[in-house]
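> okay, structure incoming, though there's no sequence with it:
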Ligand SMILES: C[S@@+](CC[C@H](N)C(=O)[O-])C[C@H]1O[C@@H](n2cnc3c(N)ncnc32)[C@H](O)[C@@H]1O
């Protein structure tokens, strides 16, 4: 699946991670899917992939996210690269949410791991996952069907979604901004601002920018083309520049961060819904 470049990941870490992964089972699953038909069903033929996305071999995979190999191997590998535990890291973003959402959008949803957790935390909310890759969307849809969760899946661009103004009250982005050039992350936040109703909230979970600046090897290990410019920036500043108020960043386990912002109501302080009681969350169902 990987291109076999000579990075630290390829030489040392990939062989270790691979020893924990049943590659044969993944390949069997990959072969069992009629990708041509599924991609045809899920993809929007009017969508044009920008160069910053189409041209990159994310994580050293030739063709990046526009391949079945990337989609099938994403979850097993992600389980090993989000210390201390993928579910805890993802849950830190769920716990930062203070609105009681009716409509949730997960931008750059990938294989839907965060989308499924959002739906479980807020089962009453209509939830949609959007991604550039129909291969990743297929995996999200497959997981949601197996879990009996009703989630909408949309092939699209996070910076130009096509949804109506003020049509969501919670937008999440998990592990996306370290994979987009800074100007695109900023454009995505402007799109979030347009899409949120007043009082609505945006939540961004990603690598801790300060920690990444202090540990050069972390920005080199995973073959991420834009991670250096991501680590040089500041998601909280980008949120404020997009118009968000009450912006806060919380570190989680030193190498992750969750940044949250609220779209203010016109002429007043942010109209955030009352913080939900912890009993409102279906915490038992959060584990994926
Ligand atoms: C590292 S994955 C994260 C997936 C998922 N959010 C998660 O938490 O596992 C990044 C995802 O963002 C998607 N992506 C990157 N840039 C995008 C954009 N501009 N619009 C839509 N999706 C994008 C990629 O296709 C990929 O599925």
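Good, I have the coordinates. Everything quoted here is computed from the prediction, not taken from an experiment.
> leaving out the residues flanking it, which one is nearest to whatever residue of the stretch 101-250 of the chain ends up closest to the ligand?
Closest residue of the stretch 101-250 of the chain to the ligand, C-beta to the nearest ligand atom: residue 110 (2.4 Å). Bear in mind the C-beta positions are built from the backbone N, C-alpha and C, glycine included. Counting by C-beta to C-beta, 6 or more residues apart in numbering, residue 136 is the residue found nearest to residue 110 once chain neighbours are left out, at 4.6 Å.
> just checking, what packs against the strand or helix carrying the one you found?
Using DSSP states H and E, the secondary-structure element containing residue 136 is helix 134-147. Identification of packing neighbours for helix 134-147 by 3 or more C-beta pairs under 8 Å, 6 or more residues apart in numbering; DSSP states H and E yields helix 35-42, helix 68-81, helix 113-121, strand 126-131, strand 152-155.
> what about that helix and the ligand, touching?
Yes: Helix 134-147 reaches the ligand (C-beta under 6 Å from any ligand atom) through residue 136.
> can you list the buried residues in stretch 24-32?
26, 30 (16 or more other C-beta atoms under 10 Å).
> give me the residues contacting that stretch.
Stretch 24-32 is contacted from outside by 68-69, 72-73, 76, using C-beta atoms under 8 Å, 6 or more residues apart in numbering.
> ok, so of the residues you listed, who is nearest residue 52?
Distances from residue 52 to the contacts of stretch 24-32, taken as C-beta to C-beta, are shortest for residue 69 (20.9 Å).
> give me the pLDDT value at that closest one.
We have a pLDDT of 92 for residue 69.
> what's the separation between it and residue 57?
Residue 69 sits 11 Å away from residue 57, going by C-beta to C-beta, to the nearest Å.
> which residues do the two both contact?
Common neighbours of residue 69 and residue 57 (C-beta under 8 Å, 6+ apart) are residue 63.
> stretch 227-241 near the ligand at all?
No: applying C-beta under 6 Å from any ligand atom, one finds stretch 227-241 separated from the ligand by no less than 10.8 Å.
> that stretch: how far from the chain's middle?
Offset of stretch 227-241 from its chain centre (C-alpha atoms, centre = their mean, to the nearest Å): 16 Å.
> span of that stretch from start to end?
End-to-end span of stretch 227-241 (C-alpha to C-alpha, to the nearest Å): 21 Å.
> and that stretch, average pLDDT?
Mean predicted lDDT for stretch 227-241 stands at 97.
> circling back: can you give me the pLDDT of the residue nearest to residue 110?
As predicted, residue 136 sits at a pLDDT of 98.
> and residue 17, by the same measure?
pLDDT at residue 17 comes out at 68.
> over to residue 221?
pLDDT for residue 221: 70.
> in this protein, which strand is the longest?
In the chain, with assignment by DSSP state E, the single longest strand is strand 196-207.
> so who does the residue positioned nearest the centre of the chain touch?
For the chain, the residue sitting closest to the mean C-alpha position, by C-alpha atoms, centre = their mean, is residue 174 at 3.0 Å. By C-beta under 8 Å, 6+ apart, the residues touching residue 174 are 90, 93, 106, 108-110, 113-114, 204-206.
> what does stretch 234-241 rub up against?
Under C-beta under 8 Å, 6+ apart, the answer for stretch 234-241 is 177, 182, 185-186, 189, 202, 204, 206, 209, 247-249, 257, 259, 261.
> so which of those residues sit within helices?
182, 185-186, 189, 209 (DSSP state H).
> buried only: go through the residues you listed for me.
Among these, those scoring as buried are 185-186, 189, 209 (criterion: 16+ other C-beta under 10 Å).
> nearest to residue 33, of the residues you listed?
residue 185 (31.3 Å).
> pLDDT score assigned to the closest one?
pLDDT for residue 185: 98.
> anything in the longest strand of the chain near the ligand?
No: judged by C-beta under 6 Å from any ligand atom, strand 196-207 makes no contact with the ligand; its nearest approach is 7.3 Å.
> which neighbouring elements make contact with that strand?
Strand 196-207 makes packing contacts with helix 86-95, strand 168-174, helix 182-195, helix 227-232, helix 235-241, strand 256-262 when contacts are defined by 3+ C-beta pairs under 8 Å, 6+ apart.
> ok, the residue of the stretch 101-250 of the chain closest to the ligand - contacts?
65, 74, 131, 133, 136, 139-140, 174-175.
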